[in-house]
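**Q** Test case, fold it:
(chains A and B)
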There are 2 protein chains.
Amino acid sequence: MNAVNDIKSYMHDIGRRARAVARVLARTDGATKNRALLAMAAAIRRSRDKLLEANAADIQSARSAGKDAAFIDRLTLSPDSVEVMAEGIEQVAALADPIGQISERSVQASGIEVARMRVPLGVIGIIYESRPNVTADAAALCLKSGNACILRGGSESVRSNLAIATCVHEGLKAAGLPEDAVQVVATADREAVGVLLSMTEYVDIIVPRGGKSLIARIMAESRIPMIKHLDGVCHVYIDEAADPVKAVRIADNAKTQRYGTCNTMETLLIHEAIAPRVLPGLAKIYADKGVELRGDEGARRLVAGMHPAADEDWYAEYLAPVLAVRLVKDVDAAMDHIARYGSQHTDAIITENAERAQRFLREVDSSSVIVNASTRFADGFEYGLGAEIGISTDKLHARGPVGLEGLTSLKYIVFGHGEIRT
Amino acid sequence: MNAVNDIKSYMHDIGRRARAVARVLARTDGATKNRALLAMAAAIRRSRDKLLEANAADIQSARSAGKDAAFIDRLTLSPDSVEVMAEGIEQVAALADPIGQISERSVQASGIEVARMRVPLGVIGIIYESRPNVTADAAALCLKSGNACILRGGSESVRSNLAIATCVHEGLKAAGLPEDAVQVVATADREAVGVLLSMTEYVDIIVPRGGKSLIARIMAESRIPMIKHLDGVCHVYIDEAADPVKAVRIADNAKTQRYGTCNTMETLLIHEAIAPRVLPGLAKIYADKGVELRGDEGARRLVAGMHPAADEDWYAEYLAPVLAVRLVKDVDAAMDHIARYGSQHTDAIITENAERAQRFLREVDSSSVIVNASTRFADGFEYGLGAEIGISTDKLHARGPVGLEGLTSLKYIVFGHGEIRT
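**A** Residues are numbered from 1 along each chain as shown, chains lettered A, B, ... in the order given. This is a model prediction of the structure:
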C-alpha cells in the first residue's frame, strides 16, 4: 500500500465512523448534549497549559517554515483566547436545542395532520485554515445541532487542534457520548482534503472556512454540497435623500471599524447630487485613518489627489485600508453596479426615502441587505443567532450568517388515524 | 465551428438570457405574475388542437423509434390532459405570492431590526423525460416563485414542449413580461444537457425529474446544486401495538393504490408477535390483486408458497406489483432495516403506542415519516402545498415534497437608524 492509499483508507475509516454515530447523535436529547458541552468547556479551562504548549510547538514550526506575522497571529493562542474558547462553548450550550422542534402543523382535507420537524443534516466536514479556535467552535455547533463532524484544520495548527480535540473528547465521554462524534483529521497530508471532498457516502455537507483561494479550490474539487462564502465585496450606497450625518458615520464605520473582515465595505457609491456635501468630509476622515481612496472621475473632481479607480477596483475585496469610490446618478445605477460587481454578500443603502429603501431591500440580491446601518452588522451574533459557523453567500439552504438552524434540515411528519389515499 | 460548439454557444446564449431576465422577474409583483399565468392557461385552452397535433407528431416518431407502450402513454396528451394542464396553471395563480414575504423580525440590542425576506433563487434548470405536461407545470411554478427557467424535456417530446412553450410565451407577453423568463431548449441533441449542467455562472439550481438512471447521470455530471430524489424505497412497519384493521387497510393502500409512484411501499416490515394476525389476511388481499410477495423465513412460514426474498429485494424499488416482506423483533430492528436499506424517502409506522410512534418519527431519517397513514400521502397536494415540482430526498435546502417555497431562498434584511458597530 502506498501513502495515498493509506490516506484514503484512513479518511474512509473516519467517514464510516462519523456516519455510524450520526444516528446516535440525532436522537440524543438536549440535556445530554449540554452536559457534554459544559464538560468540554471545563476540560479546555483545565488543560490551558497543555493547549498553550501544543500551540507553542505549532508556532515554532510555522516560524521555521517562514510564515508571516499575520499567519502567526491567527495561529497563536493565549490564556485569554483559551478562556474565550471555553466561554464560546458555554454560550452554545445555553442556546435552545433546535432538534425535534415541530412547526407548521396543519390538518388536511384527508384528515392527516402534517407538520415539519427539525432534524440534523448528518455528517458535516469542516475545512479551515490556521485558527485553532475553529476546532472548538465547530465541534460545539455540530454537536448541539445533532451532527457528527470531521474537522480538518490547517496543517500548521495540527498539534493545537489535536490538543483541543482531546478536551472535546473528554467532554463527550463525560456525557456518555461516542468520541467519534467529533473527529479531527490528524495528518498534515494535503491529500486528506481531496479524499474528504469525495466521500459522498459519508459526508452530507462541507463547510469551508478560510480565504478565497482555499474556498475556490474546494469548490472546484468537491462532490459534496457546501455552505460557503467566496468573497465579500460589500457596498454602501449613499442616496440623494440620505441624512448626511448618518451617511458619514456609517460609511466611516463600514470601512474602518475592521479592515480584514468579509462584511467590511469595499466600494462606496454616492448619489451625485449629495456627493459634494458628504464626500469631502468623508475623504478627510479616511485620510486621517490612512485609507487610500480610488475614485471614478466624478469622485476625483471632489477630492484632490484621489487615485483613479480601474475596472478591477470595482471587483476588489481589498481586506485592507483601500476603498473604491464612485458617483452614481440614481438608485438604479447603484443597484446595477452592485449586480454587476458585487459578490452577493452584504450591501447597504443610506436614505430617508421609504420607497427607495424598499426597492433596494427587495431588488438587491445579496445575503444581507441593510438600510441605514453599517455593513459590519452582517454577523450571526449581531443578528441574534447566538453563534455562527460562517456566512453563506449561496442561495440554497442557508443564506447570510449561519447559526444552528443552517446545520439542520426539516423533514415532514404526518400523524394519521388510519387514513388511506383514494 | 463544429456541432458541439454550436450546442455550447446555443446553450450559453440561453443561459445569458435567463440570467438577464432573472432580476426583472425577482422584482415583478404578484398581480403581474398572475396575469401572465391566467393568460397562459387561456392560451393553452385556445391552442388545444395545435397542441394535440404537435403531440401526435411526437407520438408517431416515438412509435417509429420502437418506444414501448408505457413510454407512449407518458408522452400522450388528450383533450382532458390539456384541460388539466390549464387548470394546473390556474391553481398556481391562486396560490399566495411567496416573494417579498418578511418573517422572523426581531430587534437587537444594537438597535437594528433584523428580519428575513423570501426571494427567488434566480435561474432554475429543469431536466425531464417524456411527460410534456411538465413544461406547463414547471413554467408556472418557476414564474410564480420569481425565477427564470430553462426547460429541457425529453428529445421525443420536443414538438409538444415547443407548442406548450408558445402558449407560455403568449401569456408572458400578455402581462408585459419578457419571453426569456421561460426558455425551452429546442434541440434534441443530448449534448445540450451536459452543457446545461456545466453553466454554473448562469444556472442556480437543477431540478431533474425522471427515472433513476436519468437522475444518476445528472448527479454524476452536474457542477450545479440540485433538488432531486433518487429513489423511493418506502417502508410500512406494522408494530406489535398496531390496530390490525388500520394496519391491513394502510398496507393494502400503500402498495396497491398505484404501483409506479415513488411513495408506493416497496417493503413491508411486521412485528413478529402481530404477524400471525395480519399477514395471512394481507397476503390474500395481495394475491387477489396479483401482487407477488417475496418474504424472509418468518414471513414464508405464515404464508404458503411465498417466494424467498434475496438481499437485493430489500434494496429494490420495484415500481410494480411486487412486495418484499420481513418479520422483525421490535421497532429498533425495523428502524435498523430502514436505515440500512431505505432511500430516505417516506416511511410509516402503524401503532397505537405513543412512545414508539414518537421514536419512529424522531429517529427515522426520511423526508416524510408517517404514523398510521398510507405512504401514498407523501405528495405536495396532499400536504397542502398547492403544487409540487417534485419530491426531494436530499437534506439540504428542500426535503420532501417541494412547492413554491423550495424554489425560493431567504435573505436577511436589516432596518437601521444610523447604527454603527462598536
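**Q** hey, let's count contacts and neighbours off CA atoms from now on
**A** OK.
**Q** List the buried residues of the longest strand along chain A.
**A** Criterion DSSP state E: the longest strand present in chain A is strand A:408-419. Neighbour-count burial for strand A:408-419, counted by 16 or more other Cα atoms under 10 Å in any protein chain shown, picks out A:408-416, A:418-419.
**Q** Let me have the residues you listed in a markdown table, extended by pLDDT and distance to A:Thr187.
**A** A markdown table is the format used below for the buried residues of strand A:408-419 (pLDDT from 0 to 100; distance: Cα to Cα, whole Å):
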| residue | pLDDT | distance to A:Thr187 |
| --- | --- | --- |
| A:Thr408 | 96 | 29 |
| A:Ser409 | 95 | 31 |
| A:Leu410 | 95 | 35 |
| A:Lys411 | 96 | 36 |
| A:Tyr412 | 97 | 40 |
| A:Ile413 | 97 | 42 |
| A:Val414 | 97 | 45 |
| A:Phe415 | 97 | 48 |
| A:Gly416 | 96 | 50 |
| A:Gly418 | 96 | 54 |
| A:Glu419 | 97 | 54 |
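**Q** For the residue in chain A that chain B sits nearest to, give me its contacts.
**A** Residue nearest to chain B within chain A: A:His397 (3.7 Å; Cα to the nearest Cα). Counting by Cα atoms under 8 Å, 6 or more residues apart in numbering or on different chains, A:His397 makes contact with A:406, B:396-398, B:409.
**Q** cool, A:Arg209 as well?
**A** Contacts of A:Arg209 by Cα under 8 Å, 6+ apart are A:126-129, A:215, A:228, A:390.
**Q** ok, of the residues you listed, which one's closest to B:Leu269?
**A** A:Ile126 (37.5 Å; Cα to Cα).
**Q** circling back: just put the buried residues of strand A:408-419 in CSV and tack on distance to chain B.
**A** Shown next, in CSV, are the buried residues of strand A:408-419 (distance: Cα to the nearest Cα, whole Å):
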residue, distance to chain B
A:Thr408, 8
A:Ser409, 6
A:Leu410, 7
A:Lys411, 5
A:Tyr412, 5
A:Ile413, 5
A:Val414, 5
A:Phe415, 5
A:Gly416, 5
A:Gly418, 5
A:Glu419, 5
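**Q** Does the helix ranked longest in chain A reach chain B?
**A** Ordering each helix of chain A by length in residues (DSSP state H) puts helix A:3-26 first. Yes - residues of helix A:3-26 contacting chain B under Cα under 8 Å from any Cα of the partner chain: A:23, A:26.
**Q** how distant is whichever helix or strand comes after that helix from the center of its chain?
**A** Once the chain leaves helix A:3-26, the next helix or strand it forms, by DSSP states H and E, is helix A:30-46. Centroid separation between helix A:30-46 and its chain, computed with Cα atoms, centre = their mean, to the nearest Å, is 23 Å.
**Q** Report the buried residues of helix A:30-46.
**A** A:30, A:33-45.
**Q** got the residues of the stretch 101-250 of chain A near chain B?
**A** A:108, A:110, A:112, A:114, A:121, A:204, A:225, A:246-247, A:249-250.
**Q** so what strands line up beside the longest strand of chain A?
**A** strand A:113-120 (antiparallel), strand B:368-373 (parallel) (DSSP bridges).
**Q** Between helix A:3-26 and the next helix or strand after the longest one, find me the angle.
**A** It stands for strand A:113-120. With elements assigned by DSSP H and E, the helix or strand that comes after strand A:113-120 is strand A:123-128. Strand A:123-128 and helix A:3-26 are oriented at 120 degrees to each other (axes from the mean of the first three to the mean of the last three Cα atoms, to 10 degrees).
**Q** Check which helices and strands strand A:123-128 sits against.
**A** Applying 3 or more Cα pairs under 8 Å, 6 or more residues apart in numbering or on different chains; DSSP states H and E, we find strand A:123-128 packed against helix A:3-26, helix A:133-144, strand A:148-152, strand A:205-209.
**Q** could you dump these to JSON lines with distance to B:His307 and mean pLDDT?
**A** As requested, those are exported to JSON lines (distance: least, Cα to Cα, whole Å; pLDDT from 0 to 100):
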{"stretch": "helix A:3-26", "distance to B:His307": "33", "mean pLDDT": "92"}
{"stretch": "helix A:133-144", "distance to B:His307": "45", "mean pLDDT": "95"}
{"stretch": "strand A:148-152", "distance to B:His307": "40", "mean pLDDT": "97"}
{"stretch": "strand A:205-209", "distance to B:His307": "41", "mean pLDDT": "92"}
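**Q** so of the ones you listed, which one's packed in deepest?
**A** Each of those was scored by mean neighbour count; the highest is strand A:148-152, a mean of 29, by mean count of other Cα atoms under 10 Å in any protein chain shown.
**Q** Can you tell me what sits against the very next helix or strand once past that strand?
**A** The C-terminal neighbour of strand A:148-152 among helices and strands, as given by DSSP H and E, is helix A:158-174. Identification of contacts with helix A:158-174 by Cα under 8 Å, 6+ apart yields A:35-41, A:43-44, A:47, A:50-52, A:54-55, A:57-58, A:132, A:135-136, A:139, A:153, A:178-179, A:181-184, A:186-188.
**Q** Send over helix A:158-174 as PDB, restricted to the C-alpha atoms.
**A** Taking C-alpha atoms only, helix A:158-174 is exported to PDB below (Å, rounded to 0.1, in the frame of the first residue of the first chain):
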ATOM      1  CA  VAL A 158      -2.400  20.200  13.800                       C
ATOM      2  CA  ARG A 159      -0.800  20.000  17.300                       C
ATOM      3  CA  SER A 160      -3.100  22.700  18.700                       C
ATOM      4  CA  ASN A 161      -6.200  21.100  17.100                       C
ATOM      5  CA  LEU A 162      -5.400  17.700  18.500                       C
ATOM      6  CA  ALA A 163      -4.900  19.100  21.900                       C
ATOM      7  CA  ILE A 164      -8.300  20.800  21.700                       C
ATOM      8  CA  ALA A 165      -9.800  17.600  20.400                       C
ATOM      9  CA  THR A 166      -8.600  15.800  23.500                       C
ATOM     10  CA  CYS A 167     -10.700  18.200  25.600                       C
ATOM     11  CA  VAL A 168     -13.700  17.800  23.300                       C
ATOM     12  CA  HIS A 169     -13.400  14.000  23.600                       C
ATOM     13  CA  GLU A 170     -13.200  14.300  27.400                       C
ATOM     14  CA  GLY A 171     -16.500  16.300  27.300                       C
ATOM     15  CA  LEU A 172     -18.200  13.700  25.000                       C
ATOM     16  CA  LYS A 173     -17.100  10.900  27.300                       C
ATOM     17  CA  ALA A 174     -18.300  12.600  30.400                       C
END
